[in-house]
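1. got a sequence here, can you build the structure:
(4 chains)
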Protein chains: 2
Amino acid sequence: MPASACVNSTRSPTIGYMVVSVESVAERAGVSVSTVSRALRSVPGVSMETRKRVQAVADELGYAASPAASRLATGRTMTVGIVVPVLAKWYFGKVVGEATHALREAGFDVLLYELATPGQRQRFFATVQLYGRTDGVIIIALQPSREELESLASQGQAVALLGAESSAAGSVSVDNVAAGLAAVRHLLNLGHKRIAFVGIRDEEGSNLGGVPPLQRLRGYREAMAEAALAQEDVLEQFDENSVAGGAAAISRLLVLKQPPTAAFVASDEMAFGVLKVLRQTGLAVPRDFSVLGFDNHELCDVVGLTTMDHEVAEQGQDVARLLLDILHGGHPAVLSRSARLVVRETTGPPRALRTIPTGPDSPHSAEHFGDL
Amino acid sequence: MPASACVNSTRSPTIGYMVVSVESVAERAGVSVSTVSRALRSVPGVSMETRKRVQAVADELGYAASPAASRLATGRTMTVGIVVPVLAKWYFGKVVGEATHALREAGFDVLLYELATPGQRQRFFATVQLYGRTDGVIIIALQPSREELESLASQGQAVALLGAESSAAGSVSVDNVAAGLAAVRHLLNLGHKRIAFVGIRDEEGSNLGGVPPLQRLRGYREAMAEAALAQEDVLEQFDENSVAGGAAAISRLLVLKQPPTAAFVASDEMAFGVLKVLRQTGLAVPRDFSVLGFDNHELCDVVGLTTMDHEVAEQGQDVARLLLDILHGGHPAVLSRSARLVVRETTGPPRALRTIPTGPDSPHSAEHFGDL
DNA sequence: CTGAAAGCGCTTACAG
DNA sequence: CTGAAAGCGCTTACAG
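-> Numbers count the residues shown, from 1 in each chain, chains lettered A, B, ... in the order given. This is a model prediction of the structure:
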């Protein structure tokens, strides 16, 4: 190769693209590869002048260090994994999008792991997946067991959880018990007595639920107990977290001998299904039935769904920041957020109270709209 | 190290997790590292017996080859990048989820690139991002320029496009012109004459639009021309691809001196916004106004939105398969899908035709429901 | 501030 | 079928 050929352009017979290595840059800049490496990574101990010259040559040649080589040499991947049950749901897409943004901002690549089935989850944790691939991992809406967390640790992973808790990892979660309580209190204040809970069922060990849905149920039960209302199993219906699941659950509730007059639904998507069935059944909302969802899904506004907002975008940013802190040597932190009620148009007093505003059966009638 | 210590357990002072290398496996299995490497990757030239023994030892030790080292040695990353404008929209989440699934199934990792702003897009293409990081990239809803594609090629990337076309890459797209035509014909057949188009505006070069929305507009225009209907600029309204954007667009249409009686909306999310405003304005759908969307968003069913389905899940699988084909040495293929009308409850004959079913002004009245 | 050299952990001709 | 050795392209003590 002639001395003037500074770019070490290797053309493989099959591939055929150009590779620029440290050596090319070093050669043209008239320094050693060590200096190039140091100059380009802003490592102290390089004169300003040299740094600039090297940078200029690198830019000119379009040089970028081979990630594989850097990783092998440093042991750091500058990559974070995100584990999520499913992407095509608004909550998960939002959270992953926000986390990804924060991570890339901080110079990390993000590797996506969609664990939609119990089998996928099992395989993920049963084999060495992350070692050498990522420096840390964000796990969304999955409660890893102690063994699973240990496996991740043995693979050198920092871990941050969203919607799950553990003493061994950073975590951000929402106070779902309090949120459930607040949601049901809103319905109680409106005068409802037969209030149903529509929850998320973990389909044969599927990962779509996690802990939060269970906490929302606890909040519901606490609120009912607080109001000294009988709790009937039949008023708690569980199904998959989808429009269809919500539709199925409300259908089961409507055929009860004593159907409820309101429902607290553990996710907005299920609540959309509830609304759909209500509409098809000819029941007016909220005149005949009140519906309260959870998430503050971006489409709530379209159908006027009253819901619990838990700052989904912020959750994604938080969990990314938490992981970055750990990666930067900090201790795993635990963050908790609270949800707030967003009243729209699907909740109101029960029918009975509308016709007999201050009858003896409605002691709360004066304060029905207290929180509207 | 005593001979019995077969696991090369390096404990770094700061990190402190265990690393199992080829050498550990080789030592314990009583073979060379070359043999371990070959045995574990099913490379021909290893006896069945040796292969099994090595495999057993590897399993026992929990060995997994260091990706960085493999990549450096082979030059292949076994990783694919997915570039998407935004994850938190149903269409993109769905497509990315499906593609990711197919890719991981084929043994590839997936790296996520969310390019939400023109600045991010520009930066992505202006610098060497993918070289050594991925073997190929799937680009969704972005039309890369020739230079951008050349840059990717020079970084050794195979590329597959979704919702864009190029002779230099594999691509899957939908015949959006035909879809737009079919959508508007449906409205024409119902008897509408003043039909609006609500389209996606590329916010100052944002990437959220791409080519498909423009093709839908072309389909609209062709259908209007076909019906010999005057095309007024004012009937074409563009806004951002969101509920708010749709709401803004329909608001502008409703204040026209001669407002339309129907709208073909380039995305379901915008159509949801249209529906919302219509409801707030007190206009009944479809009695007073017909709305036809695009995507067959999973929530269409909830509000009864008539729309164009373009098999979103399949698009994601297709584009992944296309890229895998190229990665396996195949030629870049071009796939085209067609959309189909899904009639629900937001489209019907215009008000005039309902009151005067067979008046002189409604020549199509007999066939209004022909395609329902 | 700079450079020569070892080493990161694999894969793969090459030789046997 | 198996092994010794070179090489992938960086980074980083170490020496100057």
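2. could you pull out the strands for the stretch 151-300 of chain A?
-> A:158-162, A:170-174, A:195-200, A:236-239, A:262-265, A:290-295 (DSSP state E, counting those that start in this stretch).
3. let me have those strands in TSV, adding distance to chain B and mean pLDDT as columns.
-> Where you see a C-beta, it was placed from the backbone N, CA and C, and this is true even at glycine. Shown next, in TSV, are those (distance: least, C-beta to the nearest C-beta, whole Å; pLDDT from 0 to 100):
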stretch	distance to chain B	mean pLDDT
strand A:158-162	10	96
strand A:170-174	17	94
strand A:195-200	15	96
strand A:236-239	16	96
strand A:262-265	13	98
strand A:290-295	12	98
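4. figure out which of those is closest to DNA strand D.
-> Of all the strands of the stretch 151-300 of chain A, it is strand A:158-162 that lies closest to DNA strand D, at 18.0 Å by C-beta to the nearest atom of the strand.
5. adjacent strands (with direction) for that closest one?
-> Strand A:158-162 sits in its sheet next to strand A:136-140 (parallel), strand A:170-174 (parallel), going by DSSP bridges.
6. for A:Pro213, give me the pLDDT.
-> A:Pro213 is assigned a predicted lDDT (pLDDT) of 86.
7. what is the burial count for the closest residue to it other than its chain neighbours?
-> Residue nearest to A:Pro213 in three dimensions, not counting chain neighbours: A:Ile200, with 4.1 Å by C-beta to C-beta, 6 or more residues apart in numbering or on different chains. Other residues lying near A:Ile200 total 28 when counted by other C-beta atoms under 10 Å in any protein chain shown.
8. so A:Ile200 touches A:Ser267, yeah?
-> Yes. Contact criterion C-beta atoms under 8 Å: A:Ile200 and A:Ser267 qualify, at 6.2 Å.
9. what helix or strand is the residue nearest to A:Glu114 when sequence neighbours are not counted on?
-> Nearest-residue entry for A:Glu114: B:Thr100, 5.3 Å, with adjacent residues in sequence omitted and distances by C-beta to C-beta, 6+ apart. Applying DSSP states H and E as the criterion places B:Thr100 in helix B:90-105.
10. the next helix or strand along the chain from that helix: how far from the chain's middle?
-> Counting by DSSP H and E, the element after helix B:90-105 in chain order, helix or strand, is strand B:109-114. On the basis of C-alpha atoms, centre = their mean, to the nearest Å, strand B:109-114 sits 13 Å off its chain's mean C-alpha point.
11. quick one: A:Gly163 and A:Ile139, what's the gap?
-> According to C-beta to C-beta, to the nearest Å, A:Gly163 and A:Ile139 sit 9 Å apart.
12. neighbour-wise, which of these two wins?
-> Comparing A:Gly163 with A:Ile139 by other C-beta under 10 Å, the one with more neighbours is A:Ile139, at 28 against 25.
13. that one and A:Val172, how far apart?
-> For A:Ile139 relative to A:Val172 (C-beta to C-beta), the value is 11 Å.
14. gap between A:Ala141 and A:Glu114?
-> 12 Å.
15. that should have said A:Ile326, apologies.
-> A:Ile326 sits 23 Å away from A:Glu114, taking C-beta to C-beta as the criterion.
16. need the helices for chain A, in chain order.
-> Assigned by DSSP state H, the helices in chain A fall at A:22-29, A:33-40, A:48-61, A:67-74, A:90-105, A:118-126, A:146-154, A:176-189, A:212-226, A:243-254, A:268-281, A:300-303, A:312-327, A:351-355.
17. re the thing from before, can you check which residues contact both of A:Ala141 and A:Glu114?
-> Common neighbours of A:Ala141 and A:Glu114 are listed as A:84-85 (criterion: C-beta atoms under 8 Å, 6 or more residues apart in numbering or on different chains).
18. who has more neighbours, those two?
-> A:Ala141 (25 against 22).
19. I would like the residues contacting stretch A:193-201, please.
-> A:184, A:187-188, A:208-209, A:213, A:216-217, A:220, A:224, A:227, A:229, A:235-241, A:245-246, A:249-250, A:253, A:258-267, A:270-271, A:274, A:350.
20. low-scoring stretches of chain A, by residue?
-> A:1-18, A:203-209, A:353-372 (pLDDT under 70).
21. so which residue is dead centre in it?
-> For chain A, the residue nearest the mean C-alpha position is A:Val95 (4.1 Å; C-alpha atoms, centre = their mean).
22. A:Gln120 and DNA strand C, how far apart?
-> 24 Å (C-beta to the nearest atom of the strand, to the nearest Å).
23. which residues sit in contact with that residue?
-> Taking C-beta under 8 Å, 6+ apart as the test, what A:Gln120 contacts is A:Glu114.
24. and the gap between it and DNA strand D?
-> Where DNA strand D is concerned, A:Gln120 sits at a distance of 32 Å (C-beta to the nearest atom of the strand).
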